[in-house]
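**Student:** quick one, structure for this:
(one chain, ligands or ions: 1)
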Amino acid sequence: MEFKFGGSEINQRTVLGHPSGLFVLFFTEMWERFSYYGMRALLVLFLVTTMLGDNPGWGWERADALVLYGWYTGLVYLTPIIGGFIADKFMGYRKAVILGALIMTLGHASMALEGMTSSFFYLGLSLLIIGNGLFKPNISSMVGQLYKTQGQEKDAGYTIFYMGINAGAFLGILLCGYIGEKIGWHYGFGLAGIFMFFGMLQFYFAQKIFGNIGLTPGQKEDMDDVIEDSLEEIGDTIEEVKEEAENSKVVRDRLTVIGIFSLFVIFFWWAFEQAGGSMTVFAADYTDRALVGDAALTFKIVNTIITVVPMLVITWVLLMLFKQTFEKFSLSNIFLAVSFVIIWGIVIWMLNREFQADTTEVPASWFSVLNSLFIILFAPVIGKIWESKYNPSGPMKFAIGLLLVGIGFAVLAYGALAIPDGAKTASVSLMFLVFAYFFHTMGELCVSPVGLSYVSKLAPLKFVGLMFGVWFTANFFANLLGGITGSFIDPISEEYGLSTFFLIFTIIPIGAAIIMMLLNPMMKRKMHGIE
Ligand code: GLN
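**Tutor:** Below you'll find the model as predicted:
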């Protein structure tokens with residue numbers, strides 16, 4: 001019998017119209033991103049916090065912390081090119097995902113021991129970098145393999161997966177951030193690790209749902225498939241040889257387009273990744289986060305709603321997954337259920353603790369939850385806009401995204417105008433950060449999903465993995481340069497003011513946006529019909 005989706009028979013059972021295996025990947029990625037963003041939210045804050053006080057940090061200079069942040073967030077995007085290659089050639093996607101998750105669990109555990117000696121901290125970071133290389137590109141490829149066609153269904157699958165990414169980022173930043181800042185850094189780092197482990201167990205015990213997808217190259221589940229696949233391969237090869245001659249110019253053009261997208265996306269993430277870096281420093285030291293009276297109450301209510309509603313939605317998705325898969329993969333479901341019981345417990349404890357206090361100090365890490373929250377809220381809206389009459393070309397969407405990130409920084413530059421040159425603290429309204437994150441997120445929605453789907457459509461089939469590697473490598477340069485640029489926050493503020501510092505991230509992306517608009521006609525030609 002011919003299945004509609006890739007993977008096993010159980011994978012044909014759908015949740016929200018998609019194969020149930022998509023939701024196994026959704027929750028695995030959700031817990032992984034919980035760990036990644038939870039840790040990222042704490043990294044710079046922990047390093048720059050003084051060594052005195054009840055929750056001591058390492059008392060680093062801002063510049064040093066931001067450079068380390070740049071290297072860390074950069075290197076996690078350099079290893080995927082190696083991890084993708086290893087999985088393609090030797091290990092298969094599934095084993096790579098599991099091994100990657102295990103290595104990252106050890107990494108987080110090691111960081112939780114940060115109080116003991118600093119070597120644990122660096123060992124932890126290194127393990128996270130290696131583990132992510134094995135995990136991130138390969139789980140992303142598995143999403144695509146669930147679908148047998150290239151069309152809208154696959155795009156929708158990637159959109160749901162992107163929601164999982166952001167649900168994880170949201171909860172990770174919210175909870176690890178809160179616990180790290182208010183209770184103790186190593187509890188925050190440790191919390192990140194626990195869920196990585198649950199995510200891995202959940203994936204491990206459900207992996208048969210993927211059937212042949214992601215097995216070690218050469219290893220197949222049964223003989224029929226082997227024969228069928230070899231016949232298909234022979235057919236493909238004959239066709240490829242015929243087509244190759246006429247297509248080489250088209251392929252070359254399309255790869256050029258991927259190259260241009262990958263180059264311009266550097267400007268986007270370079271600015272965007274200030275989030276956990278200089279924007280977190282701005283939140284911590286230049287923003288008025290101490291709320292009293294009505295403002296405190298409003299914040300508590302808003303915070304409760306934005307936490308409980310997404311939690312209810314993902315719990316509901318989880319129940320639908322259980323309905324389809326519990327009889328076959330009960331152990332996987334049980335591990336996932338346990339992780340949810342723990343997370344609900346922490347959420348209720350945190351909200352309750354906050355309601356007991358009269359005043360509220362918004363954690364500095366809190367602001368970056370707005371990014372994930374806005375993604376979850378606005379991704380469907382932007383999707384609807386693109387479906388309507390107004391659907392600009394890929395390069396135009398990119399240009400709009402760059403423009404929006406520039407506007408977000410213009411808001412911060414405006415907010416920082418009143419801060420005297422060289423001031424080490426200030427207390428401007430927190431609304432500037434809220435608006436900045438809003439614009440940044442709208443920009444991300446124009447750039448990130450668009451880029452991913454163009455890479456998967458423009459690359460010839462045998463280069464898809466490699467091209468995802470190229471796409472992620474752009475993040476390496478962006479994040480590293482982002483950290484290094486951020487590290488100049490103090491000298492630039494002393495000389496020209498903090499406002500000017502943020503203006504750098506306004507001018508450069510807007511310049512890139514203008515160039516992208518000029519390149520639009522040429523790029524459309526070189527895509528040769530792909531939209
Ligand atoms: N937020 C997305 C993720 O974490 C994309 C990040 C990126 O490509 N820099 O996967």
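**Student:** pLDDT score for residue 503?
**Tutor:** Residue 503 carries a pLDDT value of 97.
**Student:** in contact with it: list those residues for me.
**Tutor:** Going by CB atoms under 8 Å, 6 or more residues apart in numbering, residue 503 touches 409, 410, 413. For every residue, glycine as well, the C-beta is placed using N, CA and C.
**Student:** over to residue 477?
**Tutor:** Residue 477 neighbours (CB under 8 Å, 6+ apart): 74, 266, 270.
**Student:** packing partners of whichever strand or helix holds the first one?
**Tutor:** In this assignment (DSSP states H and E), residue 74 forms part of helix 62-75. Other elements packing on helix 62-75 under the criterion 3 or more CB pairs under 8 Å, 6 or more residues apart in numbering; DSSP states H and E are helix 20-48, helix 118-145, helix 278-286, helix 464-486, helix 489-496.
**Student:** what about the ones you listed, which gets the closest to the ligand?
**Tutor:** Between the ligand and the helices and strands packed on helix 62-75, the tightest spacing by CB to the nearest ligand atom is seen for helix 464-486, at 4.6 Å.
**Student:** and that closest one, how far from the chain's centre?
**Tutor:** From the chain centre to the centre of helix 464-486 is a distance of 13 Å (CA atoms, centre = their mean, to the nearest Å).
**Student:** how about stretch 78-88?
**Tutor:** The answer for stretch 78-88 is 18 Å, by CA atoms, centre = their mean.
**Student:** what does stretch 495-505 give?
**Tutor:** Distance, stretch centre to chain centre, for stretch 495-505: 27 Å (CA atoms, centre = their mean).
**Student:** get me the contact residues on this protein for the ligand.
**Tutor:** 33, 165, 269, 448, 475 (CB under 6 Å from any ligand atom).
**Student:** out of these, which is most surrounded?
**Tutor:** Tallying neighbours with other CB atoms under 10 Å puts residue 33 at the head of those, with 26 neighbours.
**Student:** quick one, what contacts that residue?
**Tutor:** 164, 165, 166, 168, 169, 172.
**Student:** residues near residue 459, how many?
**Tutor:** Counted by other CB under 10 Å, the residues lying close to residue 459 total 20.
**Student:** give the closest residue to it in space, chain neighbours not counted.
**Tutor:** In space, not counting the residues next to it along the chain, residue 459 is nearest to residue 467; the distance is 3.9 Å by CB to CB, 6 or more residues apart in numbering.
**Student:** low-confidence ranges in the stretch 351-500 of the chain?
**Tutor:** Low-confidence segments of the stretch 351-500 of the chain, defined by pLDDT under 70, span residues 465.
**Student:** how many neighbouring residues does residue 16 have?
**Tutor:** 12.
**Student:** now it, what are its backbone angles?
**Tutor:** phi 50, psi 30 (degrees, to the nearest 10).
**Student:** hang on, it packs against residue 320?
**Tutor:** Yes - look at residue 16 against residue 320 with CB atoms under 8 Å: they come within range, at 7.2 Å.
**Student:** residue 51 in helix, strand or coil?
**Tutor:** coil (DSSP: H, G, I helix; E, B strand; the rest coil).
**Student:** from residue 20, how far off is it?
**Tutor:** Taking CB to CB, to the nearest Å as the criterion, residue 51 is separated from residue 20 by 50 Å.
**Student:** among the two, which residue is more densely surrounded?
**Tutor:** residue 20 (27 against 9).
**Student:** residues contacting that one?
**Tutor:** Neighbouring residues of residue 20 by CB under 8 Å, 6+ apart: 10, 11, 13, 14, 209, 321, 324, 325.
**Student:** can you check the pLDDT for it?
**Tutor:** The model's pLDDT for residue 20 equals 95.
**Student:** chain neighbours aside, what residue packs nearest to it?
**Tutor:** residue 324 (4.5 Å).
**Student:** my read: residue 437 touches residue 375, true?
**Tutor:** No - the pair residue 437 / residue 375 is not scored as a contact, 10.3 Å apart, by CB under 8 Å.
**Student:** residues in contact with residue 412?
**Tutor:** Counting by CB under 8 Å, 6+ apart, residue 412 makes contact with 279, 282, 432, 433, 436, 502.
**Student:** do the same with residue 194
**Tutor:** With the criterion set at CB under 8 Å, 6+ apart, residue 194 makes contact with 108, 342.
**Student:** show the average pLDDT along the helix or strand hosting it.
**Tutor:** Here residue 194, judged by DSSP H and E, is contained in helix 185-204. Model confidence over helix 185-204, given as mean pLDDT, is 94.
**Student:** could you look up the SS state of the residue in the stretch 201-350 of the chain that the ligand sits nearest to?
**Tutor:** Residue nearest to the ligand within the stretch 201-350 of the chain: residue 269 (5.0 Å; CB to the nearest ligand atom). With three-state DSSP as the basis, residue 269 sits in helix.
**Student:** residues in contact with residue 156?
**Tutor:** Counting by CB under 8 Å, 6+ apart, residue 156 has contacts residue 18.
**Student:** which secondary structure element contains it?
**Tutor:** helix 152-182.
**Student:** any idea of the mean pLDDT in that helix?
**Tutor:** Mean pLDDT, helix 152-182: 91.
**Student:** now do the buried residues in that helix.
**Tutor:** Of the residues in helix 152-182, 153-181 count as buried by neighbour count, 16 or more other CB atoms under 10 Å.
**Student:** show me where the stretch 201-350 of the chain has its strands.
**Tutor:** 290-291 (DSSP state E, counting those that start in this stretch).
**Student:** can you tell me which of the helices and strands packed on helix 62-75 is most buried?
**Tutor:** Scoring the helices and strands packed on helix 62-75 by mean neighbour count under mean count of other CB atoms under 10 Å gives helix 20-48 as the most buried, with a mean of 27.
**Student:** so residue 392 sits in a helix?
**Tutor:** No - Residue 392 sits outside any helix when classified using three-state DSSP, being coil.
**Student:** cheers, nothing more for now.
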